[in-house]
Every structure is written in structure tokens, then in C-alpha cells.
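J.: predicted coordinates and the sequence they were generated for:
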Amino acid sequence: MKKDFTILGIESTCDETSAALLKGGKVLLSNVIYSQIEEHKKYHGVVPELASRAHAAKIATVIAEALQDNPIDCVAFASGPGLPGGLMVGRVAAETLAAYKNVPLIGVNHLEGHLFACDFQNGEVQNRLQFPLIALVVSGGHTELWYVKNYGQYKVLGKTRDDAAGEAFDKVAKLLGLAYPGGPQVSAQALQGRRDAIAFPRPLLPGTWEFSFSGIKTAVSYYLRDHQQVNVPDVCASFETAMVDTLVTKTLQAADKYKVRYVAVGGGVAANSLLRQTLQEQAAKRGKTVYFVDRKLSSDNAAMIALAAYKKLEYAQTTGKPLRANIDINPNMKVRSW
Ligand code: KG4
Ligand code: ZN
């Protein structure tokens, strides 16, 4: 690929409308993110119909702002997994632009994007990821553990059986009357609470790499039902600790089992300070390195989509294998090796 090969990335899978320009697989020229949080706040969660309308309303201006007058060589968009309406808006915008500019169109997996986001630091791609690694992709819609042999070489070890970790934070926040999105709110309250105040369960599901967070959430709801006087910071601190213990324990067990020295953590919940600190400390004790996504790129963004597309193109070019363009949207898209 030529040195200044520039990709326009587009992201619209959930509640962020975003467009980004990545030059030479390295420099982020722009990364415009419009968050729909205000639209969804009063419902304590993402309302798909509102999300589609907000994507449709914003996508043109977000793309125009990201593009400015820069030339582009390719358009990439997240073709799944995600909400069908948002995916459709992203595809139509991406395909129209690619046809107009006469450049190729590539669909990428949004979850792969969350992993690749770990490679950005201060707006530049570091190419710092070492393989094989265990990836923990932990967001409002997904919680998955992967063994990643190299760029584009995945084995999905396990997923959540019920709630995603971010979803559990959001639901517990709602039970406590805290605002949406719940993760940052619960985390802020937890700073004033005692982490060992209430013994919420740690569902480790031995023998599998799956997660299950609905039991912790239910335990919180029973606790609230059974207690007249509730210390909200104590509930938040105890809940957050149970969530983090579960995520950290399983991730490091997987790293041990697969004899892997590197771990990467991406997705909205990767912004959680307790998760970052606990995983960092426990991994260091075992001689392992953790790549955390920069907080600025932990939530949904198009920079990660552009980078995933760049790596995919580079892979096809260096191996001579056909590029899977994946432009049909798929709300339930699974992660597949290239
Ligand atoms: O990756 P993301 O922006 O959207 C999805 O693809 O789902 O993740 C959003 C999720 C929300 O559930 C939010 O509560 C959670 O990430 N989140 C956090 C924190 N910041 C965001 N969860 C725990 N602690 C945080 N600091
Ligand atoms: Zn996401």
C-alpha cells in the first residue's frame, strides 16, 4: 500500500455516530464522535429506534467534518455486530461515498475494532501489540474472551451467557437511581464506599471461558429489596469489586492456560479504573503485559474501524489471500479469522 494510503472509517453500530481519517495506517487525521447519550438518558439504555434516527440525522455532518478536504483511498464501516437501523445508516453512507469517490469499500467487525483500538496512543498507531495475546472485549453490548494468535487470527474462547458487563453496570445504576450510562456513575460512587461491605457473587463458571453477570445484578436487586437503609457507595463499591474480580480472574486464567504473556482490553468498560488497576497489578505479578485501550478510544469510535480495515488490507496484500469485504450488514456478526 502506498505510504499515505488514507482510510475513512465510519462507526454507527450502537449509540455513537463517528467518522475518522487514518493516514498510512499510522496517523489519525481526525476522529469525530457524536454521542447520543442525551437522547437515551431518560430511558436508562439505548432505544434502537431513537438511535437509528439520530445516526441518520448526524452521519452526513460527522463525515463531512472528519473528511475536510482530504483525499481518501478507501472507505471502511462497521458492518456488525450492532443494531440493524444504525448498521444500515452506516452502510448507506459508506457505500455512497465510496461509489462517489470511486474507492473500495470494506466492512469490518466492530468488536475487532475494540481490540485494535488498544494500539492507538496519543492519536498514533504504535504497532505495539505482541502476539499471541488474550483479548478481553468488554462493552455495553458484549463481553468476550479471545485467543489472538496474530492480527486477524482469532479463536473465541467464551462470551457472556446473559448480560454484558457494561449492561450490568447500567442496570445496577438504574436500580440505584443513578444516571445512564451507569459505569462511570457506579465507579464514582464506589470511591466513597467499602469494597468488602456486601458479599456479591463472583460467577466464575469453572471449566468454561464464559461469563454470566445477571446473577450479580439480581443479587444487588435482592439486597436493595431486603434492606430499608442502603448505603449507595457501599453497594457500588461491592458490586464493582465483584465485577472486576470476575473479569480479571477469568482473563488471567485464560492467559495462564494458553501460556500467553500479553493481554489486551478494549471496549467501554475498559475505561474502568478499578479494572485497569487490578488487572495491571495481578498481571504484573505473573510477568504479563496488559495493553489497555486509551480512555479516549474505549467507547465506540471510527478510528478503530479505520485501523481494523487497514490491517485487513495489509494482511490481504502481504499474504496474497483474498480480502473478505464483508459489506453485508450483520447485527449478530461473529468474529472470524481473516
Ligand atoms: O463500548 P461502548 O461505548 O458501547 C458498546 O459497544 O456497548 O460501551 C459502553 C458501556 C456502557 O455500558 C457503560 O456503562 C460502560 O461501557 N462504561 C463503564 C465505564 N465507562 C463506560 N463501565 C464501568 N466503568 C466505567 N468507568
Ligand atoms: Zn462497542
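T.: Yes, it's here. Ligands and ions are numbered 1, 2, ... in the order given.

J.: quick check: residues of the stretch 1-150 of the chain near ligand 2?
T.: With CB under 5 Å from the ion as the criterion, the stretch 1-150 of the chain meets ligand 2 at residues S139. To be clear about C-beta, it is placed using only N, CA and C from the backbone, and glycine gets the same treatment.

J.: burial count for the closest residue to ligand 2 within the stretch 1-150 of the chain?
T.: At 4.3 Å from ligand 2, S139 is the closest residue in the stretch 1-150 of the chain, using CB to the ion. Neighbours of S139 under the rule other CB atoms under 10 Å: 24.

J.: OK, contacts around the closest residue in space to it that isn't next to it in sequence?
T.: Closest residue to S139 apart from its sequence neighbours, by CB to CB, 6 or more residues apart in numbering: G267 at 3.4 Å. Neighbouring residues of G267 by CB atoms under 8 Å, 6 or more residues apart in numbering: 114, 136-139, 142, 166, 293, 298.

J.: likewise for P48?
T.: Applying CB under 8 Å, 6+ apart, the residues contacting P48 are 83-86.

J.: tell me the pLDDT at it?
T.: Looking at P48, its pLDDT reads 95.

J.: kindly report the same for the one 3 residues further on.
T.: A51 is assigned a pLDDT of 96 by the prediction.

J.: that's a helix at it, yeah?
T.: Yes - counting by DSSP: H, G, I helix; E, B strand; the rest coil, A51 falls inside a helix.

J.: roughly how far apart are the residue nearest to S139 and ligand 2?
T.: 6 Å (CB to the ion, to the nearest Å).

J.: returning to that earlier point: from the contacts of P48, list just the buried residues.
T.: 83, 85-86 (16 or more other CB atoms under 10 Å).

J.: per the record, what domains does the chain have?
T.: 6-122+298-319, 133-293 (automatic domain parsing).

J.: residues of the protein that sit close to ligand 1?
T.: Within the chain, the positions adjacent to ligand 1 are 14, 139-141, 166-167, 169-170, 181-184, 187, 267-269, 271-272, 299-300 by CB under 6 Å from any ligand atom.

J.: now, these that are in helices?
T.: The members of the residues of the chain next to ligand 1 that map onto helices under DSSP state H are 166-167, 169-170, 182-184, 187.

J.: buried ones only from those, please, as a PyMOL command.
T.: A single PyMOL command is used to select the members of these judged buried by 16+ other CB under 10 Å:
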select buried, resi 166+167+169+170+182+183+184+187
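
J.: can I get the ones in helices among the residues of the chain next to ligand 1 in TSV including distance to ligand 2?
T.: Listed next are those as TSV, based on distance: CB to the ion, whole Å:
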residue	distance to ligand 2
G166	9
E167	12
F169	14
D170	14
G182	16
G183	13
P184	16
S187	18
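
J.: give me the distance between the one helix or strand L21 maps to and the centre of its chain.
T.: Taking DSSP states H and E as the definition, L21 sits inside strand 16-23. Counting by CA atoms, centre = their mean, to the nearest Å, strand 16-23 is centred 15 Å from the centre of its parent chain.

J.: next, the buried residues of that strand.
T.: 16-23.

J.: ok, so of the residues you listed, who is nearest I327?
T.: A19 (16.9 Å; CB to CB).

J.: for the closest one, list each beta-bridge partner.
T.: I10, V32 (DSSP bridges).
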